[in-house]
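Participant: here's my sequence, what's the structure:
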Amino acid sequence: MDHIDNHLPIAAIVHQSAEAADEPLQAFIQYAQEQGQVVLGVVQAPEEVSFAYRSKMGIIDLSNGHYTSISQDLGAHNTSCCLDSEAVSNASVILQKARTQNPDLLIVNRFGKLEAEGEGFADEMLEIMSLGIPMITVVATRFLDAWRAFSGGLGTELAADLTQIQDWYALQQPNNQKR
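Facilitator: Numbering: from 1, shown residues only. Next up, the predicted model:
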């Protein structure tokens, strides 16, 4: 009997520390681009980049390198979450445009609190999944159950490890598909 793979071409890099996930993801994106792959979407901007833009948190559009702040200024001494849901919603245009460009891979910086609540980039992620475009996102362990429910358990969970990400992506290539 043939093996039937019930997974969608989506992967979540699961982490307890976002910084630990961002480094191998960035290395993978560079690797895939060097292999001639069209990689679009958004990645989390490193803190030093956000600070340079006088922002606490932002994303970078992989198609053009533009920075978009996704945080709101709550004051210097505020310890509340500064994520600006409206800014994330406005940035969803980046993913909408990217998916129409027939990329080899789409990156969505995070599946986090907003997405777990059906907001943020949730609609765009569902559209990407329905189109069968390979997608990678980053998921904190605290949102893992929400990710599993969101993806219907059909996503692959990866460690924050470059080789594991490369191996997963190799299986998404048409000549490696098992039917």
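Participant: how near is the spatially closest residue to residue 156 that is not a sequence neighbour to residue 102?
Facilitator: Nearest residue to residue 156, sequence neighbours excluded (Cβ to Cβ, 6 or more residues apart in numbering): residue 11, at 4.5 Å. (Glycine included, C-beta is placed from N, CA and C.) As defined by Cβ to Cβ, to the nearest Å, residue 11 lies at a distance of 19 Å from residue 102.
Participant: which one of these two has more residues nearby?
Facilitator: Set side by side, residue 11 and residue 102 show more neighbours around residue 11, with 25 against 10, by other Cβ atoms under 10 Å.
Participant: determine the three-state secondary structure at that one.
Facilitator: Counting by DSSP: H, G, I helix; E, B strand; the rest coil, the backbone at residue 11 sits in strand.
Participant: residue 27 now?
Facilitator: helix.
Participant: ok, it touching residue 162?
Facilitator: Yes - Residue 27 lies in contact with residue 162 (Cβ atoms under 8 Å); the separation is 5.1 Å.
Participant: isn't residue 120 up against residue 109?
Facilitator: No - using Cβ under 8 Å, residue 120 makes no contact with residue 109, being 9.9 Å away.
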